[in-house]
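Chemist: below is the structure, and that's it, no one-letter string:
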């Protein structure tokens, strides 16, 4: 049967028109002489009215796919909750296209099915409006980006999926080569080197919706395979890149959630983000900033304060009554799980500070603490100490996020966008003299910081930047190194031998010898951006066929063992599970 209309496209303007529709039976109500059927297609639901004396509906069940022809008429009892709530279709012809077994779970919005069950039957779950909505938002975001890039002279280019293993912080997924036994391709963690090569090739502005793969532990905002909106530009300064990217974000928020992003976006340095919020991806929709208590803490006689270089805290307003001994023990355990030894709590009661450590404070110090921090009645001050500032800030930042959720401090349906800039070029590896890139080894030092590379590399800042939205890193990028000599210097600092450099990156270093333009770029996480705009905190909600928390696809049961013949063709032999190292 030919469909003349989609459900939600019909309205009062179509009264007395004969239409043909296709869809699934969402609901069915047999009232004796007549039957009402809610018919669902991709656009929405419309009500069918069937005369039981004309058409037998007894065999019609939930999720049968049917074709109907009928007359559009006005509803006797309108439903304002439906787009088509003013009309119904008086059916003159009904055919069953395909039947359905009894469903493994109800397809209503309040289904109690587990996540794994819904993912196993994802094709059914996506029939639910709430499950389909994030995919439609994802489609709209993709459309806006493509239109924007096309308007601004970007060229869409696909880069290889089977490529060379160049670890970028996570484990690679490796693909054995049948034609070259013992050799492996890797699935790309990002198209980083290829997009830089495109700049060497003179394309000037590139983008793609790039599939990326990282073998790392999963969490609510991370999947083993994901999509980046990847881009690169030649002859652009960092500020010019940020300004252009702000424009596309403004369009996305306008069109998807009708939210007006004010430009230019705030820029927060990495140092200030860590010191103020305890995170390089801070959610600044609420206050609870970290307070530096080092100076005042060192004025007390409390030994843990005097023994540690850094003392910081956070203020939890009106929490004194809630903070029981048991609750404080839970917070201390939480801090210890993050490798911070202890937490100390002070309460403001009757305009005075109370707590076990107050005997180490004189009256002047206690009064100064109340005045300097503007502490109010029933406020709680949580204090932590450490000789490692980054660890101290990170733990307090996590506690800040914990209290924001527990106390509902985040205003619903609000958005906060900012850039975090001036990241360190390198990080120390577990307190050793070894260093690793904070982003990746192709990131350019901030102008003027090249001088630190030879002797003080940990002091060097980079030309890297992240876009942070509601406490999520929604994208990141940098200016790139385009001189072969500087790139080789970075590899030397990372203790890559000349042989390793040639083996892993020789082809890339060779390309930098041929008139490479200054360039930079970034990548937006399409999944995370969709997750934020779809108002969900689970990245699996915005991916058509995601993996579960164990990195397993419940729909296909991948990964699974393969036949011995396949392994033989690839010259692979599996190690026995009980084989000792």
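Modeler: Structure's in. What do you need? Note that the coordinates shown come from a computational prediction; the quantities given were computed from them, not determined experimentally. Residues are numbered from 1 along each chain as shown.

Chemist: distance check, residue 258 against residue 229.
Modeler: Plainly put, residue 258 is 21 Å away from residue 229 if you go by C-beta to C-beta, to the nearest Å. All C-beta atoms are positioned from the backbone trio N, CA, C, and that covers glycine.

Chemist: one more: residue 249?
Modeler: 11 Å.

Chemist: what do you get for residue 416?
Modeler: In terms of C-beta to C-beta, residue 416 sits 20 Å off from residue 229.

Chemist: got it, and residue 477?
Modeler: Residue 477 sits at a distance of 11 Å from residue 229 (criterion: C-beta to C-beta).

Chemist: these two: which has the busier surroundings?
Modeler: residue 477 (25 against 21; other C-beta atoms under 10 Å).

Chemist: what bridges to the closest residue to that one other than its chain neighbours?
Modeler: In this structure, residue 477 finds its nearest non-sequential neighbour in residue 522, 2.3 Å apart by C-beta to C-beta, 6 or more residues apart in numbering. Beta-bridge partners for residue 522, by DSSP bridges, are residue 231, residue 477.

Chemist: list the contacts for residue 522?
Modeler: Residue 522 is in contact with 231, 241, 245, 465, 467, 475, 476, 477, 478, counting by C-beta atoms under 8 Å, 6 or more residues apart in numbering.

Chemist: count the residues that sit near the first one.
Modeler: Residue 231: 26 surrounding residues under other C-beta under 10 Å.

Chemist: next: the second one.
Modeler: Under the neighbour criterion other C-beta under 10 Å, residue 241 is assigned a count of 22.

Chemist: which residues does it contact?
Modeler: Listed by C-beta under 8 Å, 6+ apart, the contact partners of residue 241 are 233, 477, 520, 521, 522.

Chemist: could I get the residues you listed as a markdown table with pLDDT?
Modeler: Formatted as a markdown table, these follow (pLDDT from 0 to 100):
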| residue | pLDDT |
| --- | --- |
| 233 | 98 |
| 477 | 98 |
| 520 | 98 |
| 521 | 98 |
| 522 | 98 |
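
Chemist: out of these, the closest to residue 86 would be?
Modeler: residue 522 (47.1 Å; C-beta to C-beta).

Chemist: gap between that closest one and residue 196?
Modeler: Using C-beta to C-beta, residue 522 is found at 13 Å from residue 196.

Chemist: do the same with residue 63
Modeler: Counting by C-beta to C-beta - residue 63 and residue 196 are separated by 50 Å.

Chemist: which one's more surrounded, these two?
Modeler: residue 196 (23 against 17).

Chemist: surely that one meets residue 519?
Modeler: Yes - with contacts counted by C-beta atoms under 8 Å, residue 196 reaches residue 519, the gap being 6.8 Å.

Chemist: any common contacting residues for those two?
Modeler: 232, 480.

Chemist: burial check on residue 123, number of neighbours?
Modeler: Neighbours of residue 123 (other C-beta under 10 Å): 10.

Chemist: and it, what helix or strand is that in?
Modeler: Using DSSP states H and E, residue 123 falls within helix 122-125.

Chemist: so where's this structure uncertain?
Modeler: Applying pLDDT under 70 to the chain flags residues 167-169, 578-581.

Chemist: could you identify the longest helix within it?
Modeler: In the chain, with assignment by DSSP state H, the single longest helix is helix 129-151.

Chemist: can you pull the buried residues of it?
Modeler: Across helix 129-151, burial judged by 16 or more other C-beta atoms under 10 Å covers 131, 134, 135, 137, 138, 141, 144, 145, 148, 149.

Chemist: surely the first one meets residue 542?
Modeler: Read that as residue 131. No - counting by C-beta under 8 Å, residue 131 does not reach residue 542; the two are 10.1 Å apart.

Chemist: quick one: residue 360 from residue 303, how far?
Modeler: Counting by C-beta to C-beta, the separation of residue 360 from residue 303 is 8 Å.

Chemist: of the two, which one has the most company?
Modeler: Neighbours per residue, other C-beta under 10 Å: of residue 360 and residue 303, the larger number sits with residue 360, 16 against 9.

Chemist: excluding covalently adjacent residues, which one is nearest to that one?
Modeler: If the residues on either side of it in the chain are set aside, residue 360 comes closest to residue 302, at 3.7 Å by C-beta to C-beta, 6+ apart.

Chemist: skip the chain neighbours and tell me the closest residue to residue 22.
Modeler: residue 3 (4.7 Å).

Chemist: residue contacts, that neighbour?
Modeler: 20, 21, 22, 67 are the contacts of residue 3 under C-beta under 8 Å, 6+ apart.

Chemist: and the buried ones among those, selectable in PyMOL?
Modeler: Selection command for PyMOL covering only the buried members of the contacts of residue 3, criterion 16+ other C-beta under 10 Å:
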select buried, resi 21+22+67
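
Chemist: mind giving me CSV with the contacts of residue 3 and columns for distance to residue 267?
Modeler: Shown next, in CSV, are the contacts of residue 3 (distance: C-beta to C-beta, whole Å):
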residue, distance to residue 267
20, 56
21, 53
22, 52
67, 57
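
Chemist: give me the subset of the contacts of residue 3 that lies in helices.
Modeler: Among the contacts of residue 3, no member falls in helices (DSSP H).

Chemist: wait, which of the contacts of residue 3 is closest to residue 9?
Modeler: For the contacts of residue 3, the residue nearest residue 9 by C-beta to C-beta is residue 21; the value is 10.3 Å.

Chemist: contacting residues around the nearest residue to the closest one once chain neighbours are set aside?
Modeler: Counting by C-beta to C-beta, 6+ apart, residue 21 lies nearest to residue 68, which is 5.4 Å off, once chain neighbours are set aside. Listed by C-beta under 8 Å, 6+ apart, the contact set of residue 68 reads 20, 21, 39, 48, 89, 91, 93, 94, 95.

Chemist: the helix or strand that contains the fourth one pairs with which strands, and in what direction?
Modeler: Following DSSP H and E, one finds residue 48 within strand 44-51. For strand 44-51, the paired strands and their directions (DSSP bridges) read strand 34-41 (antiparallel), strand 87-98 (parallel).
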